[in-house]
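For reference, the sequence and a predicted model appear below.
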Number of protein chains: 2
Amino acid sequence: MFNHVLKNVLPRYAFRCTPNVWQHSRGRCDPSDNLDYARTLLDIFVDRHFISPGHRNVELFKRGTICSYGPLGTELRDNVLHQWWRSMSGSKDQVFGINTPSSSGSQDATGGRWGHLRVAEPDDLQKILKETELSREQLVQNLHMLLQTSPLLRTSLFHGSLEQFVPIFELVNRKLPFGIAETGRCFQPSKEGDGCPAEVTEASLVWFCSPRTSSQWMDHWARQRLKWWRKFALAPSDFSSSDVPQGELEGAASRGVKIFYRFPWGQEPLEVLWSRGDGELLQMHKGIRSKLQSRDGRKSIPHIVSTTGNIDRGLLAFLYNSLQLHKREDTKQKLQQRKVLKLHPLLAPVKVALGIGRGATMELRQVCDGLLQDLKEAKISAWPGYLESSSMPMEQLNSKYDEMGVLFTAVISESTLESGLLQLRSRDTTIKETMHISELTNFLCRYISAAGNM
Amino acid sequence: MFNHVLKNVLPRYAFRCTPNVWQHSRGRCDPSDNLDYARTLLDIFVDRHFISPGHRNVELFKRGTICSYGPLGTELRDNVLHQWWRSMSGSKDQVFGINTPSSSGSQDATGGRWGHLRVAEPDDLQKILKETELSREQLVQNLHMLLQTSPLLRTSLFHGSLEQFVPIFELVNRKLPFGIAETGRCFQPSKEGDGCPAEVTEASLVWFCSPRTSSQWMDHWARQRLKWWRKFALAPSDFSSSDVPQGELEGAASRGVKIFYRFPWGQEPLEVLWSRGDGELLQMHKGIRSKLQSRDGRKSIPHIVSTTGNIDRGLLAFLYNSLQLHKREDTKQKLQQRKVLKLHPLLAPVKVALGIGRGATMELRQVCDGLLQDLKEAKISAWPGYLESSSMPMEQLNSKYDEMGVLFTAVISESTLESGLLQLRSRDTTIKETMHISELTNFLCRYISAAGNM
């Protein structure tokens, strides 16, 4: 029976249209409709605790920068980061994770190149401003000095990986290729002087390879990264990639590829890949070639292919991509809108919600407590809907769970106490089936891992 | 047979002394020896890629602040954070994870209370300094203004949780108790003007409960948190807790508990718990009691118990705690020192190293490739020792893996090709046993999960 559920439910995931679909709004309306649509979605993301309420917070979220994430947004973000790491460490070649400070000490040799924002200690500044005997010129000079010696906040993770190159190169016995991966917050100066510097969660891979293979690696990673984004998409065609025009290449890069997502308000980049040669590595390590040469016959200096994704904007893209609006008539012939957040099973922040139906509440809750514990031990995130005291009708609860992207809803009722059978509703098909309570955890594990292998 | 291994190996983990133990240096030497010992350990942590080399980086690490972590340190840090989250979400009561920006916008109402460091945009500062027509007074005034409107960097995660209280309180239908958890970087001003502000990875739980239960909850969490630290310790007695004296209570706290670790250079706090009442919650939400009242009969304003751990210093503590130095005589009667990093199986960054013995290298590597893939799929972090081209003797390799804290070393050799049997060496017992290659993944899963349940 559960194989039947698995077969029935899984393949449908790949399709956007279920028999009930009325219309999927995206890409069919005029631009103002698109913006209305975008607002509707943002409201859902706030209502369902993906992000915290507040105009400023929603603006940060929409820009693709770090905002205050609610419990569901936090879980989703963790899942995205986890999948990113899995894709990196799953690579056949070696990828090493690192973690570096986000501010450099004032003694740091990387200097101004590293970033624009600086950490200021107001006390130090106040001290200078209070020195009344200083002339105007001396004051300005002292402030310049303070500014130059203040720690810098990183704008990207790239230089951290360059700095760590030598010890890791030794670790792999100077054999190429290998990668250095890091995820973390970066700080970007405010645009157009709105006084609001942005924080972004970046996921960065810096790939070191022999010069003659760098072009192939660039192709490889561009393909892999687009594939990764599309893997979790409901509508993969909204993710696309294109070469960066020659005139827009940054720094030492000889080639660039950007991966875009088509938002209701236009296309925005999620990830950027650069083929950067060996110049930056030589510069960072002051041209000491002996430290940088590989152990192959050619003693070549590694070339770099870097790829940097913006996880916050990626999260926004996955949310937009997976929300479906269905219009349908209810039993009273009234037109209703069903909103379903069809997040990929691996990304969905809640895999199953537990509810209770008719029966002795105390006993049903005890059963739910036990089930919740089993699910936790199997690392399946479950929503204890049975703890909510509200007497919401099941249909309304289902709508709520659909908007939260909850994969399944399990209802424990009197008959569960008698026969062990519970009712399981699928988010994607809305089909309800019965299942023995002892099989739920196993079923969910198989369902999620099957979706991961697709 | 493997049950035998499991039985034989697991219980020993709980003991510090294996038959080979010569002396465990900690706490038996005079202070200068202790510092020598501390230096030896730091060298190992650098050599084995827990942290990056460099005097400044080692200093940051020793202070318990964020430093540049190497691949093993990064994995260990992730494991510690993962276990922290597991312990929080494993709680019977509801704990919600959140994620907030580390800098507040200039418009933020939390004001100076939030922290001392600010983000400065050098361009803005330069602009003011360049305005030559400004008088000295105007210059100082403009700079003051700029300083006051610059975004603040958070010094703790506490205020983020307070800010998010209302939507999450609604989510749980205003039922107490529940918790808000967050992990992330915080920024602390430099001490004694060394111009070096510190970054720390904090793990914070803010627990909201009814006023009459807050004292019990304080006891509960103080007990739980100490238990958590000790769970992963080799020498649990080095972790201790004590009440904060009345004179040293911070802010609104009526009670405080600190959890300490005894480092070779003295005791330092890893985590602090405060029983804080309802004052800060009321202040944050401007005293609007209606938003804050619980739905129980008393309509009480929740009281807060907070607990904040320093994950970076915790990592340092786990590393110090788990390193054992054994002296023993080798076959030539020379005294040798064996250094073993007996990290808890759940924390060890590498669970198994794969090496090859005698036999056709190409074929053995293929077997290892397949095994590595299996282990990755089972989410067991494995070290592809067979890719290292060095011809290090097995004994030296084992020493290296012991210093890395690798739980097991599996050696694939000619006989593996014939019979499927490999040789498995345990870090903790140094005993070597044979095992069928098809059982390795399963054995490791069981071993790690058994250690997690102890």
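Alright, I've got the coordinates.

Could you list the low-pLDDT ranges of the stretch 51-200 of chain A?
A:105-115, A:192-195 (pLDDT under 70).

Helices of that one, start to end?
Residue ranges of the helices in the stretch 51-200 of chain A, as given by DSSP state H, counting those that start in this stretch, are A:55-62, A:71-89, A:122-130, A:136-149, A:158-163, A:165-171.

With respect to burial, which of these scores highest?
Counting by mean count of other CB atoms under 10 Å in any protein chain shown, helix A:158-163 has the highest mean neighbour count of the helices of the stretch 51-200 of chain A, with a mean of 22. C-beta coordinates here come from the backbone N, C-alpha and C atoms, glycine included.

neighbouring contacts of it?
Residues outside helix A:158-163 that contact it (CB atoms under 8 Å, 6 or more residues apart in numbering or on different chains) are A:98, A:100, A:110, A:113-114, A:154, A:180, A:182, A:204, A:206, A:280-281, A:284, A:306, A:308, B:52, B:68.

ok, the residue of the stretch 201-350 of chain A found nearest chain B - how many residues close by?
With CB to the nearest CB as the measure, residue A:295 is the residue of the stretch 201-350 of chain A nearest to chain B, at 7.7 Å. Using other CB atoms under 10 Å in any protein chain shown, residue A:295 has 13 neighbouring residues.

Could you measure from it over to residue B:212?
68 Å (CB to CB, to the nearest Å).

Spell out which parts of the stretch 201-350 of chain A neighbour chain B.
Neighbours of chain B within the stretch 201-350 of chain A, by CB under 8 Å from any CB of the partner chain: residue A:295.

all strands of the stretch 201-350 of chain A, in order?
With DSSP state E, counting those that start in this stretch as the criterion, the stretch 201-350 of chain A has strands at A:239-243, A:255-263, A:266-277, A:303-310, A:323-329, A:335-341.

Please work out which of the ones you listed is packed deepest.
strand A:303-310 (a mean of 24).

so who does residue A:413 touch?
Taking CB under 8 Å, 6+ apart, we find residue A:413 in contact with A:356, A:357, A:358, A:359, A:364, A:422, A:423.

ditto for residue A:356
Contact partners of residue A:356, counting by CB under 8 Å, 6+ apart, are A:364, A:365, A:368, A:386, A:411, A:412, A:413.

that older thread, out of the helices of the stretch 51-200 of chain A, flag the one nearest residue A:220.
helix A:71-89 (12.9 Å; CB to CB).

Packing partners of the closest one?
In terms of contacts (3 or more CB pairs under 8 Å, 6 or more residues apart in numbering or on different chains; DSSP states H and E), helix A:71-89 is packed against strand A:95-97, strand A:178-188, strand A:198-209, helix A:214-231, helix A:311-322, strand B:95-97.

Kindly provide the distance from the residue of the stretch 201-350 of chain A closest to chain B to residue A:170.
Going from residue A:295 to residue A:170 by CB to CB gives 10 Å.

repeat for residue A:252
Separation of residue A:252 from residue A:170 (CB to CB): 24 Å.

Equivalent analysis for residue A:53, please.
Per CB to CB, residue A:53 is found 50 Å from residue A:170.

Cross the contacts of residue A:413 against helices and list the overlap.
The helices, defined by DSSP state H, take in residue A:364 from the contacts of residue A:413.

By neighbour count, which of the contacts of residue A:413 wins?
Neighbour counts for the contacts of residue A:413 (other CB under 10 Å) peak at residue A:422, which has 24 neighbours.

Domain ranges for chain A, per the record?
Listed by automatic domain parsing, the domain ranges of chain A are A:78-115+A:154-318, A:350-454.

Please identify which of the ones you listed is closest to residue A:147.
domain A:78-115+A:154-318 (10.5 Å).

Look at that closest one and report the distance between its end residues.
One end of domain A:78-115+A:154-318 sits 13 Å from the other (CA to CA, to the nearest Å).

starting at the chain centroid, how far to it?
Here domain A:78-115+A:154-318 shows a centroid-to-chain-centroid distance of 16 Å under the convention CA atoms, centre = their mean, to the nearest Å.

Can you report how many residues lie near the nearest residue to residue A:303 once chain neighbours are set aside?
In space, and not counting its chain neighbours, residue A:303 is closest to residue A:214: 3.9 Å by CB to CB, 6 or more residues apart in numbering or on different chains. Neighbourhood size, residue A:214 [other CB under 10 Å]: 23.
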